[in-house]
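*Asks:* no sequence on this one, just coordinates:
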C-alpha cells in the first residue's frame, strides 16, 4: 500500500513539473554587431521571447550565468534584471500576447553568446 502511495506521489510531482509549459515559449538570440572599445571586444545582441501558446504569457523568468557579462550596468534595455541576475519582463511590458513575441537588447563584453535559460513561465 505504501508503495502505491509513493508511486502516486511521484506521478503527481511529475505532472506538476510537466505543467510548467516551458516548451510553449522560446528564446532566440541574434548578434547585431560587435566592435572594439578600450581594446576589448563588445557585442550587441537582440533576444526575442516567443509565446507559442494560444494564451497570454503573464510572466517569464530567464536565468543567466557567467557568460552574461554586461559591458556596464546600463547595457540592457526592454528587460529587468533581478538582484540574483535573472531576467524578467519589465513593468511597461508585463505580458506577451498569445502567438506573439517580445524583444529585448543587451551589450556584453566579449563575443560569446550568453547562456539564457527559461526557468519558469506563467500563463
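*Replies:* All right, it came through fine. Owing to the predicted nature of the structure, the values given are computational and were not obtained by experimental measurement.
*Asks:* drop to CA atoms for contacts and neighbour counts, all remaining ones
*Replies:* Fine.
*Asks:* and stretch 65-80, which residues are buried?
*Replies:* 68, 69, 70, 71, 76, 79 (16 or more other CA atoms under 10 Å).
*Asks:* scratch that, stretch 91-104 is what I was asking about
*Replies:* Under the neighbour-count criterion of 16+ other CA under 10 Å, stretch 91-104 has 95, 96, 97, 100, 102, 104 buried.
*Asks:* what's the closest non-adjacent residue to the spatially most central residue of the chain?
*Replies:* Using CA atoms, centre = their mean, the residue of the chain that lies closest to the mean C-alpha position is residue 62, 2.9 Å off. Leaving aside its sequence neighbours, residue 62 sits nearest to residue 118 (CA to CA, 6 or more residues apart in numbering; 4.5 Å).
*Asks:* and that neighbour, what pLDDT?
*Replies:* Reported pLDDT at residue 118 in the predicted model: 97.
*Asks:* ok, now which ones touch residue 82?
*Replies:* By CA atoms under 8 Å, 6 or more residues apart in numbering, the contact list for residue 82 reads residue 88.
*Asks:* can you give me the helices in this protein?
*Replies:* 2-18 (DSSP state H).
*Asks:* for it, which spans come out with low pLDDT?
*Replies:* Filtered on pLDDT under 70, the chain yields the residue ranges 1-21.
*Asks:* thinking again about what came up before, of the buried residues of stretch 91-104, which pair is most distant in space?
*Replies:* 97 and 104 (15.6 Å; CA to CA).
*Asks:* got a list of what residue 53 touches?
*Replies:* If you count contacts by CA under 8 Å, 6+ apart, residue 53 has them with 24, 25, 98, 99.
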